[in-house]
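# A predicted structure for the sequence below; I have some questions about it.
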Amino acid sequence: MTEAKHTPSLRLQDGQWVITLPVDENTIIEYAQQILQKRFERLSEPLNSFGQIQDFLMATFQRFEREVYAGLFLDSAHRVIAMEYLFYGALTSTAVAPREIIQVAMKHNAAAFILIHNNPAGVATASKDAIDVSAELQAICSMFELNLLDHYVIGEDEIISFKEQGHL
């Protein structure tokens with residue numbers, strides 16, 4: 001008799017997370033990401049600082065082995081509407097198209113957004129390319145009544161804010 005193969009699954013049942021077994025370590029990490037994402041999506045308070053979402057961002061972006069850009073789209077009260085991964089790059093760079101970011105913001109009817117990307121090398125720094133992209137986005141956003149609130153770069157153990165560093 002052959003043993004039936006089970007695909008692990010995660011579901012919320014009566015306020016408890018239920019995982020079917022067997023589950024390997026990578027699957028547990030993926031499920032933890034899903035739980036963090038759900039918590040994050042339910043955040044109904046306005047975002048006033050990146051400290052509110054720092055754990056989520058660190059856990060989400062540190063797992064990528066290449067550079068990834070995402071947008072955190074917010075309503076007019078700065079409550080989270082959605083987070084979308086926008087661009088996937090190579091180990092050290094990513095082609096970022098401001099036009100596409102604006103399209104995604106409009107799709108969500110966002111009033112504001114935060115641009116986020118990781119540095120797979122582990123160092124959270126504001127590169128010239130990232131600063132240039134932010135400046136271009138900021139200029140374009142004013143035409144669409146859209147506000148670029150900040151740009152975060154996530155390193156191995158820290159996050160920097162372009163706004164706090166004076167780049168926005």
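Received it, and whenever you're ready, just let me know what you need.

# report the central residue of this structure.
With distances taken as CA atoms, centre = their mean, the chain has Ala70 as the residue nearest its mean C-alpha position (4.8 Å).

# which ones are touching that one?
61, 83-86, 115-117 (CB atoms under 8 Å, 6 or more residues apart in numbering). For every residue, glycine as well, the C-beta is placed using N, CA and C.

# quick check, nearest of those residues to Ser93?
His117 (10.4 Å; CB to CB).

# ok, the closest one - how many residues close by?
A total of 22 residues lie near His117 under the criterion other CB atoms under 10 Å.

# does it really touch Ala130, like I thought?
Yes - contact criterion CB atoms under 8 Å: His117 and Ala130 qualify, at 6.9 Å.

# surely Leu86 forms part of a strand?
Yes - counting by DSSP: H, G, I helix; E, B strand; the rest coil, one finds Leu86 located in a strand.

# please name the nearest non-neighbouring residue to it.
Among residues not flanking Leu86 along the chain, Tyr69 sits closest, at 4.9 Å (CB to CB, 6 or more residues apart in numbering).

# which residues touch the one you found?
85-89, 94, 96, 115-117.

# on the three-state scheme, it is what?
Quick answer, by three-state DSSP: Tyr69 is strand.

# any idea what it is bridged to?
Phe87, His117 (DSSP bridges).

# from Ile29, how far off is it?
Using CB to CB, to the nearest Å, we find Tyr69 at a distance of 22 Å from Ile29.

# what's the answer for Asp55, then?
Taken as CB to CB, the span from Asp55 to Ile29 is 15 Å.

# about what we covered before: please indicate which of the contacts of Ala70 are buried?
61, 83-84, 86, 115-117 (16 or more other CB atoms under 10 Å).

# from those, pick the one nearest Ala77.
For the buried ones among the contacts of Ala70, the nearest to Ala77 is Met83 (16.8 Å; CB to CB).

# that closest one is in contact with Phe73, isn't it?
Yes - applying CB under 8 Å, one finds Met83 in contact with Phe73, separated by 7.1 Å.

# name the spans of this structure whose pLDDT lies under the cut-off.
1-8, 36-52, 91-92 (pLDDT under 70).

# quick check: buried residues in the helix or strand that contains Asp132?
Asp132 belongs to helix 128-141 when assigned by DSSP states H and E. Under the neighbour-count criterion of 16+ other CB under 10 Å, helix 128-141 has 130, 133-134, 137-138, 141 buried.

# how about the residues you listed in CSV, adding distance to Asp24?
Shown next, in CSV, are these (distance: CB to CB, whole Å):
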residue, distance to Asp24
Ala130, 35
Val133, 37
Ser134, 39
Leu137, 40
Gln138, 43
Cys141, 43
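
# all set, thanks.
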